[in-house]
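Undergrad: here you go, sequence then predicted model.
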Amino acid sequence: MYILNRAIIVAIAKIKRLHMKRGSRVMGKKESGKFGSWLKKYKHAWVFLYIFIYMPWFLLLEKHVTTNYHVIQTQFDMWIPFVEYFIIPYLMWFAFIAAAFVYFFFTDVPGFYKMAKFMFTGMTIFLIISTIFPNGQDLRPVVFERDNVFVDMVRMLYRADTCTNVFPSLHVFNTLSVCIAVHESEKLKKHKAVCNAAYILAALIILATMFLKQHSVLDVFGAVIMAYVLYKVVYEPEKKKHDGLQFADMGVLAVEMETAALYANAALAKARALSILTVSDSMFTGEKTTAEERETSFADMIHVALEIV
């Protein structure tokens, strides 16, 4: 009897273990399935792999560019006072960039791709410049006039961040990247308060780079110029293409104001009407005639119209 009971207990234990294994397998498959579904839904997450290119390269520069670098600063930088309170907007930059990526990642995939393309291209240009043209600045104060919690935070920043690899300022460039993405977002344009808050914070962040002596005026201007050039490359062509396609999608090939009024009046008067037009501007290619060309080159159309009449 004892042997039988013992056998039954052992059998029950084996069944429980087998059941637990099967349960864990089922749970594993469910978790794997959830992760696969997430990847399928958010397949644009592959863009973040760029971090594995940027971080090793940047850390290598931070480690090796310590001496024999080109000092980038001007006399104008000497006139800008050190203001430790700007440490607050300066540190808010991290949340600003993260919030932008999270928003576009989950709500606007095309906008996310454009912002990432814009930002990561600029960051790569920064790495190339820092590699072939090692640079830095010597603006940081050695002695602080005041002693408060904000100064302590600046001291911690100086210890964590070197004064090299500063041109162009990525703090400024990435801030402008977010501002451009916000400005180009059709969804965010409806929320004026959000846009204005983003622009105000961006302005404070850019000022903070100079008032904290993290960057020179040249670093800031370099970032602005790079942002302008990349805007022309990344956003403007697609914007022009999109403006043309909006009309094409509706079957519209041309736009003209006076003809609509002419046909409306003709319909009201039950009269026949005809409009002969010459194309002056193309919504698809962006080609435009000048004011002088409009005055002198449309004569042929007038002659054709008179002959028909």
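TA: All right, it came through fine.
Undergrad: for the spatially most central residue of the chain, give me its contacts.
TA: When Cα atoms, centre = their mean is applied to the chain, the residue found nearest the centroid is M115 (2.6 Å). Contacts for M115 (Cβ atoms under 8 Å, 6 or more residues apart in numbering) come out as 100-101, 104, 177-178, 180-181. (Each C-beta comes from the backbone N, C-alpha and C, glycine too.)
Undergrad: helices along the chain, start to end?
TA: Secondary structure of the chain by DSSP state H: the helices cover 2-41, 51-64, 75-79, 87-107, 109-132, 149-160, 170-184, 192-211, 217-234, 236-249, 258-269, 291-296, 299-308.
Undergrad: ranking those helices by burial, who's on top?
TA: Ranked by mean neighbour count, these are led by helix 170-184 with a mean of 23 (mean count of other Cβ atoms under 10 Å).
Undergrad: that one versus helix 217-234: what angle between them?
TA: Helix 170-184 and helix 217-234 are oriented at 40 degrees to each other (axes from the mean of the first three to the mean of the last three Cα atoms, to 10 degrees).
Undergrad: show me what helix 170-184 is packed against.
TA: helix 87-107, helix 109-132, helix 192-211, helix 217-234 (3 or more Cβ pairs under 8 Å, 6 or more residues apart in numbering; DSSP states H and E).
Undergrad: and the angle from it to helix 87-107?
TA: 40 degrees.
Undergrad: work out the gap between helix 170-184 and the centre of the chain.
TA: Centroid separation between helix 170-184 and its chain, computed with Cα atoms, centre = their mean, to the nearest Å, is 6 Å.
Undergrad: and for stretch 69-77?
TA: Remark: stretch 69-77 is offset 28 Å from the chain centroid, using Cα atoms, centre = their mean.
Undergrad: can I get it as CSV, trimmed to CA atoms?
TA: Extracted C-alpha coordinates of stretch 69-77, given in CSV (Å, rounded to 0.1, in the frame of the first residue of the first chain):
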residue,chain,number,x,y,z
TYR,A,69,42.7,70.8,-31.2
HIS,A,70,41.5,74.0,-33.0
VAL,A,71,40.0,76.5,-30.5
ILE,A,72,36.7,77.8,-31.9
GLN,A,73,35.6,81.0,-30.2
THR,A,74,35.3,84.8,-30.8
GLN,A,75,35.6,88.0,-28.9
PHE,A,76,31.9,88.2,-28.9
ASP,A,77,31.8,85.1,-26.6
